[in-house]
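Peer 1: Sharing a model prediction with you, sequence too.
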Amino acid sequence: MSSLIMMGLIVVVFYFFMIRPQMKKQKDHKKYIEDLKVNDKIVTTAGIHGRIVEIGENTFIIDVGAGTRIKFDKAAVSLDASKVANAPKGTTAVEEKK
């Protein structure tokens with residue numbers, strides 16, 4: 001009986017410390033992608049900085065400078081890096097959350 005209780009506790013711990021935070025992060029990323037609009041600055045997961053010039057169903061076309069445009073999948077936008085890039089000068093993304 002005690003081993004069954006321990007197994008249940010392990011499942012609960014895994015849910016609250018691993019599964020739930022990951023689901024919340026995925027939900028926040030999806031909402032961020034949906035809220036992006038033309039002229040927003042983004043950073044891709046590859047580290048490419050640019051400004052959105054066109055939004056497709058599953059893609060963004062971003063201007064990376066000197067008129068160079070690249071098409072990226074919406075999933076390639078890095079939520080954390082993009083928030084830092086869009087933070088007003090003198091603040092951090094952590095300060096913006098508060």
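Peer 2: The structure has been received and is ready for your questions. Numbers count the residues shown, from 1 in each chain.
Peer 1: The helix or strand where residue 23 lies packs against which elements?
Peer 2: If you go by DSSP states H and E, residue 23 is part of helix 20-35. If you count contacts as 3 or more Cβ pairs under 8 Å, 6 or more residues apart in numbering; DSSP states H and E, helix 20-35 packs onto helix 79-86. Placement of C-beta: from N, CA and C, glycine included.
Peer 1: re earlier: what comes into contact with the helix holding residue 23?
Peer 2: With Cβ atoms under 8 Å, 6 or more residues apart in numbering as the test, helix 20-35 has contacts from 74, 75, 77, 79, 82, 83.
Peer 1: From residue 80, how far off is the residue nearest to residue 79 when sequence neighbours are not counted?
Peer 2: In space, and not counting its chain neighbours, residue 79 is closest to residue 29: 4.7 Å by Cβ to Cβ, 6 or more residues apart in numbering. Applying Cβ to Cβ, to the nearest Å, the value for residue 29 to residue 80 is 9 Å.
Peer 1: hmm, back to that, which among the contacts of helix 20-35 gets closest to residue 19?
Peer 2: Closest to residue 19 out of those is residue 79 (18.8 Å), distances taken as Cβ to Cβ.
Peer 1: And for that closest one, the neighbour number?
Peer 2: 19 (other Cβ atoms under 10 Å).
Peer 1: can you pull the contacts of it?
Peer 2: Counting by Cβ under 8 Å, 6+ apart, residue 79 touches 25, 28, 29, 32.
Peer 1: which of those are buried?
Peer 2: 29, 32 (16 or more other Cβ atoms under 10 Å).
Peer 1: ok, of the contacts of residue 79, which one's closest to residue 18?
Peer 2: Taking the contacts of residue 79 together and measuring to residue 18 by Cβ to Cβ, the closest member is residue 25, at 11.4 Å.
Peer 1: Would you quantify the distance from the closest one to residue 66?
Peer 2: 34 Å.
Peer 1: got the contacts of residue 79 as CSV, with pLDDT and distance to residue 46 columns?
Peer 2: Shown next, in CSV, are those (pLDDT from 0 to 100; distance: Cβ to Cβ, whole Å):
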residue, pLDDT, distance to residue 46
25, 91, 19
28, 92, 20
29, 91, 16
32, 92, 17
